[in-house]
Each structure stands twice: as C-alpha cells, then as structure tokens.
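Undergrad: The sequence and its predicted three-dimensional model are supplied below.
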Amino acid sequence: MSVRVDRVVTSGTFSLDGGTWDVDNNVWVIGDEEECVVIDAAHDAKAIVEAVAGRRVLAVLLTHAHDDHIGAAGDLGAATGAPSYLHPDDRMLWDRVHAFAPDHELADGDVFDVGGVRLQTLHTPGHAPGACCFYSEELEAVFTGDTLFQGGPGATGRSFSDFPTIVESIRGKVLTLPAATVVHTGHGNDTTVGAEAPDLAAWIARGH
C-alpha cells in the first residue's frame, strides 16, 4: 500500500472559559504521492503545508472546533485550496475563532477516499458536541482527535463537554473497532483500541 500517515506536531495555545494553556497538537496527513487529506488545522499552516509537500489536498477534516484544532484553517485553506469539513454541532465554537464559515458540514457515516483507502466519519460527541473520529479499515487506524487518548477519554471539564456522553461515544463507536486498531490522537502518543478498553472501564468506575 502506497498510502502513508504523517504526523506533524504544532505548538500554540488553547483558550476556553477564560483560561489559556500551552499545547502541542498532532496534525495527521494521510495520502499517497499524489493526494492527501489533513486531519485538523492546528496552529501552524506553514508546517502543515510543508508536510503536504506539493500534493493535492482533498479535504481538511476537523475533529472538533476547539481553537487549537482549527486556528490555522483559514491559512491552510488559502495555501492548499482544500475545503474544510466540520460537524455542525461545533459551529458555535468555530464562530468564536473565525468570522468565516467552514466549507462543508460533516455527518456521521461520511466517507472520504484518498489514495485507495477510505476514512469513515464517526460522530463521537462528549469532548465537544460535534467531535468526530475518522476510521480507516485499510490502515487499521482511527484518528480520534481529543475523544480518546492513551489512558482514557478526553477532557470533559469545560463548556460544551459531558463525561457520560463521551463514554457512550467511545463505547459505541471506538471500542467496537478491532482491538489492533491504532489510535492516532490529537495530542500525545498513539495507542490501540485493545490497550484502552480496560482503562476506560476504570475511568467509568471512578466516575472520572
């Protein structure tokens, strides 16, 4: 298979509810030598464009609309000509950052083809109302944004987030994937579905 997955780590800040934190974000570029898609537009459009390396960008898929994941969306779209996709339930978060609209709405089940593989959209609310993951059976990988990390679910202590909702999303949409599926996260290290299943049970028992 000629498709590869490249990770770009960009750095900046995340702001919500009156607080600001320094963060490093994972941006994922999936494709072959001719075309690719980008997952998340975090902080630094120039670094992402360098990873694209002249390929045609079919889409910029946004896992959710916290500012650290969408801040570079305008510059990235201008540089690549690629349309942005966001679930409409996160539009109120998007509008806090940008005066323009995302190009398209995401819906659960939407499929994106790139380089002979498919990425299926999984709507996984909880960290944010419009949070989505992107699953590729061919790559045996799921790109979870801030829904699932190594060690458990994403944070739910801020506005528009909910712990029972994220647990149900992970149970119903992510842990149903094959155990060997690699979890490419929005921050930090990769993990697998099989590695996270028992950790999630412990988080539920503690009530987060």
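TA: Received the coordinates, thanks. Keep in mind the model is a prediction, meaning the values are calculated, not measured.

Undergrad: can you pull out the helices in the chain?
TA: 45-52, 67-70, 73-80, 91-94, 163-169, 193-206 (DSSP state H).

Undergrad: and of these, who's closest to Glu138?
TA: Proximity to Glu138 (CB to CB) singles out helix 193-206 among the helices of the chain, at 15.9 Å. All C-beta atoms are positioned from the backbone trio N, CA, C, and that covers glycine.

Undergrad: and Trp203, what is it in contact with?
TA: 152-153, 167 (CB atoms under 8 Å, 6 or more residues apart in numbering).

Undergrad: Next: Thr185.
TA: 26, 144-146, 148-150, 191.

Undergrad: Compile the residues you listed into CSV and extend it with columns for neighbour count.
TA: Below are those laid out as CSV (neighbours: other CB atoms under 10 Å):
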residue, neighbour count
Asn26, 21
Thr144, 30
Gly145, 29
Asp146, 27
Leu148, 29
Phe149, 21
Gln150, 15
Thr191, 20
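
Undergrad: ok, so of the residues you listed, who is nearest Glu50?
TA: For the contacts of Thr185, the nearest to Glu50 is Asn26 (15.5 Å; CB to CB).

Undergrad: what sits against the closest one?
TA: 7-9, 40, 42, 184-188.

Undergrad: is it in a bridge, and if so with what?
TA: Val9 (DSSP bridges).

Undergrad: quick one: it and Leu86, what's the gap?
TA: According to CB to CB, to the nearest Å, Asn26 stands 18 Å off from Leu86.

Undergrad: What about the nearest residue in space to Asp68 that is not next to it in sequence, how many residues nearby?
TA: Nearest residue to Asp68, sequence neighbours excluded (CB to CB, 6 or more residues apart in numbering): Phe14, at 4.0 Å. Phe14 has 20 neighbours, counted by other CB atoms under 10 Å.

Undergrad: which residues sit in contact with Phe14?
TA: 20-21, 23, 66-68.

Undergrad: which of those residues has the most neighbours?
TA: Among those, His66 has the most neighbours (other CB under 10 Å), with 32 neighbours.

Undergrad: Can you give me every residue that contacts Thr20?
TA: Per CB under 8 Å, 6+ apart, neighbours of Thr20: 13-14.

Undergrad: And it, what's its pLDDT?
TA: For Thr20, the pLDDT comes out at 98.

Undergrad: that older thread, which one of the contacts of Thr185 is nearest to Leu106?
TA: For the contacts of Thr185, the nearest to Leu106 is Gly145 (11.8 Å; CB to CB).
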